[in-house]
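Q: Fold the following for me, if possible:
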Amino acid sequence: MTTTSSATTPPVVSRLLGHLARHSAERPGEPAVLTSGGGLSWTELAASVGTASRVLRAHGVGRGTAVALATGRDRHAVTALLSVWALGATAVLIDERHPAAHISDVVLNSGTEWIVAAELTPEVLGNGVPVLTTSDLFEEPGASTGLVAAEPEPVRPDDVAYVIHTSGSSGRPKGVDVSFANLEAFLDAIESLGMPRGGNGINAVSPAFDGWLWCTLLYLVFGNALGIVDLARSAADGPAAAIAALAPRVVCLTPSLLAVCGAGVGSAEAIVVAGEACPPDLAERHGAGRRMLNVYGPTEATIAATWADSARGDDLATIGTAIPGYTVHVLGPEGRPVSDGAQGELYIGGPGVALGYRNEPELTARHFVTDPERGRLYGTGDLVRRRSDGRLEFHGRDDTQVKVRGFRVELTEIERRAVGPGVAQAAAYLLPGGRTIALSVVAAEDYPGDGELRERLAAVLPAHQVPSRIRCLEKLPLTPNGKTDRAALASAHAAADGAGPQAPQVADALLSTVTEVWNSVLEHPVTDADADFFASGGHSLLAAGMITALRRETGVSLSMRELLGNPTIRSCADLVRTRLDESTAVS
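A: Model (predicted):
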């Protein structure tokens, strides 16, 4: 997907390294990266980029080399990214915690030639591709310390800067190729934001998600330390406490994560929500007294395409207007603009529109179109309505439409109607079989009860859109990218319907206590003391809540790693029993 134009120094990389050099000069000893395993100052980060780029160059990495980065939660994650870009190479973002088969598909599809990883795990080693650890980048011969080279390697503007893989209809992930020119357009936009400078920022999303890039680049531009919060390995007090401990000035989270971790953002002067629709009450609750942005953008448009910004008086219930340099178009089925107030598909134009899908020319041609008047556009599949003030209202995706008894139902419409007095969050989904709409909600104060909520929905929705089943949960399950996991909700709801009120047979009081704790956290009662927590619908946020509840009920604090190693009620109870016995013996 490259042109025949001559190679030049990529301005975007020079600008990013310029930001790094400036922060290193102005605040050399202040933190640039913070993780539970250590951090880097701005001076150390600048030196590490220079060192790592020299080591990678010695291994043959250069313009166009695809380098997979399995480093997103390591203190050298930013080092690896910037050193790859400084060489004109292509960063392939992966999450080493994803299944091995998924990682293998990504490595194969992207043409990865090297993997840089924080740890040598079977998932990164089993791909027939050489692997360098982040330690290798600084311990190999010739890896002397030094500042970033003055000029990065030359590339062409349409060389690929990074590849992010998203879900594919074929069952395999599809890779989105984003060029250095696309990245430059995005950098132009975020440099215009004027965010708070210095202090700490929060990054709690999967490193295979372009929200990770959003956080990394935003904080690099404005000199905020990148505070990486590992949801799966956060402190026993949970991710909200881990966020609060960093006292962030800037917070970037998905709305689902903000709803769970909101208690930890009290110090934030600015909050950015992105990645999924933001409920208006969430914006009202966390936007009071501080700047808040509701950001929208698909991977195919280089991370972000529109934003609503409270600093300029935007309604945060909307996704705002196009970011600087981008264009947005609301088009009907025949590609013609619809009138203001009418619903249509959102198309994005401008220099941020990505090159296309890697190794998928037909798919690229289907979703990336060239319009004689508007230029090259990406059709998002998202439904929006342009208000008279120019702001865009998000009305869901085509793929959240389901068919029930011959009627097409937009699940996000049900969710929008459900969120309100007494309901903080809502997620609608089809139960297995495809004939029954269900709704899971997170209650706020004065929850009206399932029956009254259903009556409320029946008053504003057609009968075929009113959920037949409603469940009230402590939290909504999330995907690794921090979005609401509809599939997990449907599976858990079906399992709960089949399980009934049964509880596992327990042998003693401690096992009974652990059982009660698990069932207070999980979305449905566990009926087998040997069932796996994570196979029963648990995830990192629920696990953090479960660990907190266990400490409260038993006095024993378990780490996330210990839970991962003892993921059943029985094994968890045995570990708690051992800790209690050890405590008694010591006393």
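
Q: ok, so what distance separates the residue nearest to the spatial centre of the chain from Thr299?
A: In the chain, the C-alpha nearest the mean C-alpha coordinate belongs to Asn481, at 3.4 Å (CA atoms, centre = their mean). Look at Asn481 and Thr299: by CB to CB, to the nearest Å, they are 11 Å apart. For the C-beta atoms, the positions are set from N, CA and C on the backbone; glycine is no exception.

Q: For the residue nearest to the centre of the chain, which residues are in contact?
A: Going by CB atoms under 8 Å, 6 or more residues apart in numbering, Asn481 touches Val205, Ser206, Ala208, Phe209, Gly211, Thr254, Gly275.

Q: what's near enough to touch the fifth one?
A: Think Gly211. Counting by CB under 8 Å, 6+ apart, Gly211 touches Val205, Cys252, Thr254, Ala274, Gly275, Ile303, Asn481, Gly482.

Q: how about a cut-off of 7 Å?
A: Listed by CB atoms under 7 Å, 6 or more residues apart in numbering, the contact partners of Gly211 are Val205, Ala274, Gly275, Asn481.

Q: buried set for stretch 254-264?
A: Thr254, Pro255, Ser256, Leu257, Leu258, Ala259, Val260, Cys261, Gly262, Gly264 (16 or more other CB atoms under 10 Å).

Q: neighbouring contacts of that stretch?
A: Outside stretch 254-264, the residues that touch it by CB under 7 Å, 6+ apart are 204-205, 239-241, 243-244, 253, 273-279, 282, 286, 424-425, 475-476, 478, 482-484, 541.

Q: now swap in stretch 361-377 and tell me
A: The contact list for stretch 361-377 (CB under 7 Å, 6+ apart) reads Lys174, Thr327, His329, Tyr347, Ile348, Gly349, Val353, Gly356, Tyr357, Tyr378, Gly379.

Q: Pull the most distant pair out of these.
A: Pairwise distances across the contacts of stretch 361-377 (CB to CB) peak at 24.4 Å, for the pair Lys174 and Thr327.

Q: quick one, which of these two is more surrounded?
A: A direct count of neighbours by other CB atoms under 10 Å for Lys174 and Thr327 places Lys174 higher, at 20 against 16.

Q: Which strand residues bridge that one?
A: Taking DSSP bridges as the rule, Lys174 bridges to Thr166.

Q: how much space between the closest residue to Gly111 other than its chain neighbours and Glu553?
A: Spatial nearest neighbour of Gly111, excluding adjacent residues (CB to CB, 6 or more residues apart in numbering): Ala66 at 5.0 Å. Here the criterion is CB to CB. By it, Ala66 lies 49 Å from Glu553.

Q: Val129: which of the buried residues of stretch 254-264 is nearest?
A: For the buried residues of stretch 254-264, the nearest to Val129 is Thr254 (30.8 Å; CB to CB).

Q: do you know how far that closest one is from Ala241?
A: Using CB to CB, Thr254 is found at 19 Å from Ala241.

Q: tell me how far stretch 189-204 is from the chain's mean position?
A: Here stretch 189-204 shows a centroid-to-chain-centroid distance of 17 Å under the convention CA atoms, centre = their mean, to the nearest Å.

Q: That stretch: end-to-end distance?
A: Terminal residues of stretch 189-204 lie 23 Å apart, using CA to CA, to the nearest Å.

Q: Pull stretch 570-582 out as CSV, backbone CA atoms only.
A: Extracted in CSV, the C-alpha atoms of stretch 570-582 (Å, rounded to 0.1, in the frame of the first residue of the first chain):
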residue,chain,number,x,y,z
ARG,A,570,-12.5,-25.3,46.8
SER,A,571,-8.9,-24.4,46.0
CYS,A,572,-9.5,-20.8,47.1
ALA,A,573,-11.0,-22.0,50.4
ASP,A,574,-8.0,-24.3,50.9
LEU,A,575,-5.6,-21.4,50.4
VAL,A,576,-7.5,-19.2,52.8
ARG,A,577,-7.5,-22.1,55.3
THR,A,578,-3.8,-22.4,55.0
ARG,A,579,-3.2,-18.7,55.6
LEU,A,580,-5.5,-18.8,58.7
ASP,A,581,-3.6,-21.9,60.0
GLU,A,582,-0.2,-20.1,59.4
